[in-house]
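A.B. asks: Sequence below, structure please.
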Amino acid sequence: MWNIKGISFGFLAILGNCNSITTKQEFLQQLVDIENNNSDTGNLLTAWVNNTSSVGCYSACNALALSFGADKVAESNDQGAYGNELSEFWSAQQSNTTPACLFRPMQSKEVSVAILLSRLTQCPFAVKSGGHAAFKGASNVESGLTIDLANLNQVSLSQSGDIVSIGTGNTWNDVYTALEAFNRIAVGGRVASVGVGGLTLGGPDPAQISVKEISVQNLTIERHGLACDNIANYEVVTASGKILNANETSHPDLYWALRGGGNNFGVVTRLDAYAYPQGQMWGGNLVFSISANTSLIQNLVTFGRGRNGTFEDPNAAVILAFAYDTSSGAWLAVTSLENAVAQPNGSHPAVFDGFFDITDILADTTENNSLSNITLDFDVESPYGYRNTYWQITFLLDERIMSAVLEIWYEETGVLISLLGSETQVPSFDFQVITEPQLEHMRRAGGNALGLESSGPLVSAHWTYMWDDASKDSAIFEAYQRILDRAKAAGELLGLNHRYIYMNYASQFQDPISGYGPESKARLLEVSKTYDPEGVFQNLQPGYFKLDKGPPEVAPYDG
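C.D. replies: Numbers count the residues shown, from 1 in each chain. Predicted coordinates for the structure are as follows:
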């Protein structure tokens, strides 16, 4: 291990000036200049940089510990703290990934130094907000430096009440709970433990879909748009170490790219999100046997299009989910219904009449409730420590393709259930409508990077699997790849395919950036060249979906 204690004071001293550093050479030179009372420092740093292949990540970890305190850095030789940190990743694929160390910065400038150290030592890094991604490497990195933003957990409402500043170490339940005291809401995730950072970037914090899902984000996006469309300002640490504010008037190109471009442009350390008035709301689930699927799909299509061809109720949202209940061996259909307006006891909004008219409702949990309670209820259905996979595809809203894809998923997962037998397994599938009002919201403040033109309404088809036996990975991935291939073929036959892939629901075998379309992808690459000309966030941060590298992993099934 290199003795780098002599440079720790240099890191502390440059904290206030890190915004002026633009290259690896300038960073090295500033350290050498600061340490001019130590004649050996220049030689030490030069040797350090030249030997990064063997000691780079360990040097970076030690430098962070010496500069900011050992309590901020968990290394593999400290199994207590290290193990606790890894257990905070949601999926087993992520928690089984073992970085050289995990660093928990307290402020943005410490993130800046960590990025510069990664560049100096060529140590691969990852960034964790809530750690709710499914596949390995999304927000954790093998033998590298994982930057855990958990300590960036401030939530502050502006005096006017229309902007909330949110540290990206928060979960969405932290935000909802803080805002409820002011009868305010921000557009965010459906699961309490999902981190704010990944979701708002279109990045690594998806929400598990299960038999008891509550569609919180869908509720708010009908009125206000997607989470990424409701950010007024991003505070972001770029590859140069500079800390920028990206918004509609300052660095608007970066602001556009961050709204759906994932983790490719910097480390977002704070969000300034729009806050909206909100008190109690109405919502819950109607549970049916899967045999009701035809009527349920028809009602969802009617909801998405509007009974008279116009979307009817901007306060309403629906997700239609299907799942296998391992405890009973039953296939269930669950309609999650929400409305931003609380209802008189025992009543429901008229826009949902069709769902309530379906006979043989097995359970009805709809009631007036708070947003934070809704997300906590859902969190129970997204347990930590299991293996998980997500897949997603988009179609023009049409009953025919929805019925066809559901049948494909039902057939393929039936085989998997027989294969896994009594082992823990939860296959699930859902449809979410992307309505015309949602598409209109995407055009606000210069638009986002998703490349969704006004061709709606659309429908997202999203299938997931939760299991606990790693030896079954290949069988599950191959089956879910077949579902994707068969769904695409069915959509092609009907002329209903759409290129869009929602990043937060995509598998590691998909390429959501290409799904944004060639124009959006080209623009994202230009923004990357402007703010990250050396490709730090494309190469040193290898995880998740990169701009021009295709799927993170090779498809498990070649058709």
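A.B. asks: quick one: residue 465 is in a strand?
C.D. replies: Yes - the assignment for residue 465 by DSSP: H, G, I helix; E, B strand; the rest coil puts it in a strand.
A.B. asks: okay, now the domains of this structure?
C.D. replies: 5-148, 155-277+520-540, 281-518 (automatic domain parsing).
A.B. asks: Quick one: end-to-end distance for the longest one.
C.D. replies: Counting by C-alpha to C-alpha, to the nearest Å, you get 40 Å between the two ends of domain 281-518.
A.B. asks: Okay, strands next: where are they in the stretch 1-150 of the chain?
C.D. replies: 73-75, 101-103, 125-128, 145-148 (DSSP state E, counting those that start in this stretch).
A.B. asks: nearest to residue 423, of the ones you listed?
C.D. replies: strand 125-128 (28.5 Å; C-beta to C-beta). All C-beta spots, glycine's among them, are computed from the backbone N, C-alpha and C.
A.B. asks: what does that closest one contact?
C.D. replies: Contact with strand 125-128 is made by 89, 99, 102, 114-115, 118, 137-141, 144-150, 195, 197, 263, 267, 540-541, 543, as judged by C-beta atoms under 8 Å, 6 or more residues apart in numbering.
A.B. asks: how about 7 Å then?
C.D. replies: By C-beta atoms under 7 Å, 6 or more residues apart in numbering, the residues outside strand 125-128 that reach it are 118, 139-141, 144-149, 263, 267, 540-541, 543.
A.B. asks: most packed of the domains of the chain?
C.D. replies: domain 155-277+520-540 (a mean of 22; mean count of other C-beta atoms under 10 Å).
A.B. asks: avg pLDDT for that domain?
C.D. replies: The average pLDDT within domain 155-277+520-540 is 81.
A.B. asks: pLDDT below threshold where in this protein?
C.D. replies: For the chain, the stretches with pLDDT under 70 are 1-55, 189-195, 197-200, 202-227, 374-381, 445, 454, 557-559.
A.B. asks: Can you tell me which of the contacts of strand 125-128 is nearest residue 106?
C.D. replies: Using C-beta to C-beta, the contacts of strand 125-128 come closest to residue 106 at residue 149, 10.2 Å.
A.B. asks: Skipping adjacent residues, who's closest to that closest one in space?
C.D. replies: Using C-beta to C-beta, 6 or more residues apart in numbering and skipping the chain neighbours, the partner closest in space to residue 149 is residue 169 (4.1 Å).
A.B. asks: Nearest to residue 554, out of the domains of the chain?
C.D. replies: Closest approach to residue 554 among those (C-beta to C-beta): domain 281-518, 7.5 Å.
A.B. asks: to the chain's geometric centre, what's the distance from that closest one?
C.D. replies: How far domain 281-518 lies from its chain's middle: 17 Å, per C-alpha atoms, centre = their mean, to the nearest Å.
A.B. asks: got the phi/psi numbers for residue 433?
C.D. replies: The phi/psi pair for residue 433 (degrees, to the nearest 10) reads phi -80, psi 140.
A.B. asks: So it sits against residue 457, correct?
C.D. replies: Yes - with contact defined as C-beta atoms under 7 Å, residue 433 and residue 457 form a contacting pair (5.8 Å).
A.B. asks: any common contacting residues for the two?
C.D. replies: Jointly contacting residue 433 and residue 457 under the rule C-beta under 7 Å, 6+ apart are 304, 397.
A.B. asks: all strands of the stretch 451-559 of the chain, in order?
C.D. replies: Taking DSSP E, counting those that start in this stretch to define them, one finds strands in the stretch 451-559 of the chain at 458-467, 497-498.
A.B. asks: got JSON lines for those, with distance to residue 82 too?
C.D. replies: Shown next, in JSON lines, are these (distance: least, C-beta to C-beta, whole Å):
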{"stretch": "strand 458-467", "distance to residue 82": "25"}
{"stretch": "strand 497-498", "distance to residue 82": "43"}
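A.B. asks: Please name the nearest non-neighbouring residue to residue 182.
C.D. replies: residue 157 (5.7 Å).
A.B. asks: Check residue 261 too.
C.D. replies: Residue 261 sits nearest to residue 449 (C-beta to C-beta, 6+ apart), 4.7 Å away.
A.B. asks: What are the boundaries of the helices in the stretch 201-350 of the chain?
C.D. replies: With DSSP state H, counting those that start in this stretch as the criterion, the stretch 201-350 of the chain has helices at 216-224, 252-258, 293-305.
A.B. asks: The last one to strand 458-467, inter-axis angle?
C.D. replies: In other words, helix 293-305. 130 degrees (axes from the mean of the first three to the mean of the last three C-alpha atoms, to 10 degrees).
A.B. asks: C-alpha coordinates for helix 293-305, CSV please?
C.D. replies: What follows is helix 293-305, C-alpha atoms only, in CSV (Å, rounded to 0.1, in the frame of the first residue of the first chain):
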residue,chain,number,x,y,z
ASN,A,293,-58.0,-9.6,-18.1
THR,A,294,-60.1,-8.9,-21.2
SER,A,295,-62.4,-6.5,-19.4
LEU,A,296,-59.6,-4.9,-17.5
ILE,A,297,-57.6,-4.3,-20.6
GLN,A,298,-60.6,-2.8,-22.4
ASN,A,299,-61.2,-0.5,-19.5
LEU,A,300,-57.6,0.6,-19.4
VAL,A,301,-57.6,1.4,-23.1
THR,A,302,-60.8,3.4,-22.6
PHE,A,303,-59.2,5.3,-19.7
GLY,A,304,-56.1,6.1,-21.8
ARG,A,305,-58.0,7.3,-24.8
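A.B. asks: Got phi/psi on residue 403?
C.D. replies: phi -70, psi -40.
A.B. asks: Contact partners for it?
C.D. replies: 294, 297.
A.B. asks: if you set the cut-off to 6 Å instead, what comes out?
C.D. replies: Contact analysis of residue 403 by C-beta atoms under 6 Å, 6 or more residues apart in numbering lists residue 297.
A.B. asks: and what of residue 556?
C.D. replies: Residue 556 neighbours (C-beta under 6 Å, 6+ apart): 477, 478, 481.
A.B. asks: Then residue 183?
C.D. replies: Counting by C-beta under 6 Å, 6+ apart, residue 183 touches residue 279.
A.B. asks: about what we covered before: dump the domains of the chain to CSV, plus distance to residue 550.
C.D. replies: What follows is the domains of the chain, written out as CSV (distance: least, C-beta to C-beta, whole Å):
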stretch, distance to residue 550
domain 5-148, 15
domain 155-277+520-540, 12
domain 281-518, 5
